[in-house]
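*Asks:* coordinates only, sequence not included:
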């Protein structure tokens, strides 16, 4: 029986690469994003290359009603999913008080609220069946506060904490929750958030390599998967907890200044 994966933020970047990886593994897909045109093009390509079926759901995950509407559409189609990949998210660079208020609220709605709601809806089905896998795309940003991206870093800290807590709650079941923490990755996120003009995005990993690491870790039921870091970034993250907090904040601040 083919496994069905639902992927949010599937039209570009890591989400799109995850769709191809799952299709290559013979799984059917439900792809979710705002752009119907991009999703339809993805569906056509995947179905042409692989013997699978793809369902398209064009939805703005930032809308409060979106998770329930997505769940209801899947149920109306009589589809039981085996894999939930919460990948949709966005960020932005700038001082908190200078950025638009609604940008912060929209970021929290998408990165936190939508992910939580969709997980709750589908996890209830997983528990009834005692099977299923969840992959949540967080970030290495979740490991520290982020001056100039205060809300984004905080939202990803929520995703990591939430995912890890669920992994433990479900430890004695056949359900796993894996937390994917990419470093700077070559996706549309860099340009849309303004991060592509910072030191942090000077060297980026490919979306494909990050997706492969995440998918492999999810299949193994890992708690966390860190991917796409340079050697220097790995050293920084390992030493970060040992640094005085003020020094750590100053370092991250400098790395995120737009040049």
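*Replies:* Now that the structure is in, tell me what you want to look at. Note that this is a predicted model, so its numbers are computed, not measured.

*Asks:* quick one: residue 128 and residue 178, what's the gap?
*Replies:* For residue 128, the distance to residue 178 equals 21 Å [C-beta to C-beta, to the nearest Å]. Placement of C-beta: from N, CA and C, glycine included.

*Asks:* no, scratch that, I was asking about residue 130
*Replies:* According to C-beta to C-beta, residue 130 and residue 178 sit 18 Å apart.

*Asks:* Check residue 49 too.
*Replies:* Going from residue 49 to residue 178 by C-beta to C-beta gives 26 Å.

*Asks:* Compare these two and say which is more crowded by neighbours.
*Replies:* Taking neighbours as other C-beta atoms under 10 Å, residue 49 and residue 178 compare with residue 178 leading, 25 against 11.

*Asks:* The residue nearest to residue 51 when sequence neighbours are not counted: what secondary structure?
*Replies:* Distance criterion C-beta to C-beta, 6 or more residues apart in numbering; nearest residue to residue 51, sequence neighbours excluded, is residue 26 at 7.5 Å. Using DSSP: H, G, I helix; E, B strand; the rest coil, the three-state assignment for residue 26 comes out as coil.

*Asks:* which residues touch residue 26?
*Replies:* 2-3, 50-52 (C-beta atoms under 8 Å, 6 or more residues apart in numbering).

*Asks:* Give me the buried subset of those residues.
*Replies:* Burial by neighbour count, 16 or more other C-beta atoms under 10 Å: within the contacts of residue 26 this picks out 3, 50, 52.

*Asks:* Reformat those as CSV; add secondary structure.
*Replies:* Listed next are the buried ones among the contacts of residue 26 as CSV, based on three-state DSSP:
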residue, secondary structure
3, coil
50, coil
52, coil
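
*Asks:* Mind putting the residues you listed into JSON lines with pLDDT and distance to residue 149?
*Replies:* Shown next, in JSON lines, are the buried ones among the contacts of residue 26 (pLDDT from 0 to 100; distance: C-beta to C-beta, whole Å):
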{"residue": "3", "pLDDT": "96", "distance to residue 149": "35"}
{"residue": "50", "pLDDT": "96", "distance to residue 149": "37"}
{"residue": "52", "pLDDT": "97", "distance to residue 149": "37"}
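
*Asks:* Quick one: mean pLDDT for the helix with the most length in the chain?
*Replies:* Scanning the chain for the longest helix, with DSSP state H as the assignment, gives helix 150-169. Across helix 150-169, pLDDT averages out at 98.

*Asks:* got a list of contacts for that helix?
*Replies:* Here helix 150-169 has contacts from 89, 91-92, 96, 104, 107-108, 111-112, 115-116, 119, 123, 134, 136-139, 141-146, 176-179, 181, 193, 223-224, using C-beta under 8 Å, 6+ apart.

*Asks:* So which of these are in strands?
*Replies:* 134, 136-137, 176-179, 181, 224 (DSSP state E).

*Asks:* List the contacts of residue 146.
*Replies:* 152-154, 252, 256.
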